[in-house]
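Engineer: From the sequence below, what's the structure:
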Amino acid sequence: MARAVFLDRDGVLTSSETRDGRPYAPRRLEDFRILPGVLECLEALQRAGWRLIVVTNQPDVATGKLDASVLEEMHSLLSASLPLDAIKVCRHVDADRCACRKPLPGMLLEGAVDFQVDLGSSFMVGDRWRDVSAGKAAGCRTVFIDYGYAEALSDEPDHVVGSFEEACRVILGIGLAECGLPGM
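Structural biologist: Down below sits the predicted model:
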């Protein structure tokens with residue numbers, strides 16, 4: 001079976017705006033930016049054999065704050081710019097009680113079926129409590145990028161880092177160790 005790195009989008013691959021200690025996803029295409037170093041890190045993960053699957057909550061579509069066509073343009077840009085295997089999107093709000101909205105593991109479970117992924121050998125990388133909880137619920141190891149947001153974690157992450165580059169080094173190092181090779 002394959003192993004995957006499930007990736008939150010905003011704050012992990014792309015920039016988000018922080019206001020009052022909370023991150024907000026971009027709502028306009030001109031504000032949508034891939035973070036520095038992301039391409040190089042994803043290429044390294046891909047070379048090491050990891051499937052790369054984005055799992056992102058985008059409730060602004062349901063609330064009318066983000067047009068669905070703009071979201072599609074954003075994801076077309078991501079797909080064209082980064083070596084991703086898939087982008088899974090939940091457009092719901094909590095009140096919809098769907099199985100795909102993180103912290104529930106629906107998008108991760110779907111990605112695991114689509115790509116025959118062993119969830120126990122996989123990682124979820126995110127910058128919010130929902131990402132960590134979704135990863136834990138799916139049976140993945142979790143890497144939390146701590147930006148100091150004003151929100152508490154519901155589950156303890158396996159690894160806490162300060163950047164996506166550091167998250168990639170952790171994953172690559174663990175992957176090498178599991179293959180019996182010396183770390184990075």
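
Engineer: Tell me the pLDDT of Gly175.
Structural biologist: In this model, Gly175 is scored at 65, pLDDT.

Engineer: how about stretch 128-137 as CSV, C-alpha atoms only?
Structural biologist: The C-alpha trace of stretch 128-137 is given here as CSV (Å, rounded to 0.1, in the frame of the first residue of the first chain):
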residue,chain,number,x,y,z
ARG,A,128,-5.3,24.2,13.1
TRP,A,129,-6.8,21.9,15.7
ARG,A,130,-9.2,20.5,13.1
ASP,A,131,-6.3,19.2,11.1
VAL,A,132,-4.7,17.4,14.0
SER,A,133,-8.0,15.9,15.1
ALA,A,134,-8.9,14.7,11.6
GLY,A,135,-5.5,13.1,11.2
LYS,A,136,-5.9,11.4,14.6
ALA,A,137,-9.4,10.2,13.7
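
Engineer: Name the residues that touch it?
Structural biologist: 6, 8, 11, 23, 55, 57, 102-105, 107-108, 123-126, 141-142, 144, 149, 151-157 (CB atoms under 8 Å, 6 or more residues apart in numbering). (Glycine included, C-beta is placed from N, CA and C.)

Engineer: what does the longest strand seen in the chain contact?
Structural biologist: Longest strand in the chain, counting residues (DSSP state E): strand 51-57. Applying CB under 8 Å, 6+ apart, the contact partners of strand 51-57 are 2-10, 13, 42, 45-46, 78, 82-90, 92, 101-102, 107-108, 111, 115, 117, 124, 130, 134.

Engineer: What pairs with that strand, parallel or antiparallel?
Structural biologist: strand 4-7 (parallel), strand 86-90 (parallel) (DSSP bridges).

Engineer: In three-state terms, label Arg169 for me.
Structural biologist: helix (DSSP: H, G, I helix; E, B strand; the rest coil).

Engineer: and Pro83, how many neighbours does it have?
Structural biologist: When neighbours are counted by other CB atoms under 10 Å, Pro83 registers 12.

Engineer: quick one: contacts for it?
Structural biologist: Neighbour list for Pro83: 39, 42-43, 46, 52 [criterion: CB under 8 Å, 6+ apart].

Engineer: Identify those among those that sit within helices.
Structural biologist: Counting by DSSP state H, those place 39, 42-43, 46 in helices.

Engineer: So which of those is surrounded by the most neighbours?
Structural biologist: With neighbours taken as other CB under 10 Å, the top of these is Leu42, carrying 22 neighbours.

Engineer: so that residue touches Asp85, yeah?
Structural biologist: No. Counting by CB atoms under 8 Å, Leu42 does not reach Asp85; the two are 10.4 Å apart.

Engineer: Considering the ones in helices among the contacts of Pro83, which is situated nearest to Phe32?
Structural biologist: Set against Phe32, the nearest of the ones in helices among the contacts of Pro83 by CB to CB is Leu39 (15.0 Å).
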